[in-house]
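*Asks:* Below: sequence and its predicted model.
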Amino acid sequence: MVDPTSDHHEDIDEEEAPDCAVCGEPIANEVTHRVSTRIEDGSVHTVHFCDEGCEAEWHGE
């Protein structure tokens, strides 16, 4: 897995790219990539989305 703070849209192989939490597609070299980060029980959790639409769907908007 690639460091979630890195630029995912620059030269990332699909095998190393995070998957969208909604549609499951790998997010490789996409400028529309979104990340939601939260702290729960003292741990950082990140969720990746391929675009704004998938992020909105995950949040129930």
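*Replies:* Thanks, I have the structure now. This one's a predicted model, so the numbers in the text were calculated from it and none came from an experiment.

*Asks:* Any stretches of the protein with poor pLDDT?
*Replies:* Within the chain, the stretches falling below the threshold (pLDDT under 70) are 1-11.

*Asks:* And the residue nearest the centre of this protein?
*Replies:* Centroid-nearest residue in the chain, with Cα atoms, centre = their mean: H48, separated by 1.7 Å.

*Asks:* Surely it is within a strand?
*Replies:* Yes. Going by DSSP: H, G, I helix; E, B strand; the rest coil, the assignment for H48 places it inside a strand.

*Asks:* Check whether it really touches E30, as I assumed.
*Replies:* No. Contact criterion Cβ atoms under 8 Å: H48 and E30 do not qualify, at 10.1 Å. Just so you know, the C-beta spots here come from the backbone N, C-alpha and C atoms, and that holds for glycine as well.

*Asks:* Identify the residue spatially nearest to I39, adjacent ones excluded.
*Replies:* The shortest distance from I39 to any residue that is not its chain neighbour, by Cβ to Cβ, 6 or more residues apart in numbering, is 7.5 Å, and that residue is H45.

*Asks:* need the contact list for the one you found.
*Replies:* Applying Cβ atoms under 8 Å, 6 or more residues apart in numbering, we find H45 in contact with 37-39.

*Asks:* can I get these in a markdown table with neighbour count?
*Replies:* Below are the contacts of H45 laid out as a markdown table (neighbours: other Cβ atoms under 10 Å):
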| residue | neighbour count |
| --- | --- |
| T37 | 10 |
| R38 | 9 |
| I39 | 8 |
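
*Asks:* Okay, and which of those map to strands?
*Replies:* Using DSSP state E, 37-39 are the members of these that sit in strands.

*Asks:* what ranges do the strands span in the chain?
*Replies:* Listed in chain order, the strands of the chain (DSSP E) span 34-40, 43-49.

*Asks:* Redo those as CSV? Include distance to D19.
*Replies:* Putting these into CSV (distance: least, Cβ to Cβ, whole Å) gives the following:
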stretch, distance to D19
strand 34-40, 12
strand 43-49, 7
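
*Asks:* Next one: E15 from P26, what distance?
*Replies:* 8 Å (Cβ to Cβ, to the nearest Å).

*Asks:* do the same with V47
*Replies:* Relative to P26, V47 is positioned 15 Å away (Cβ to Cβ).
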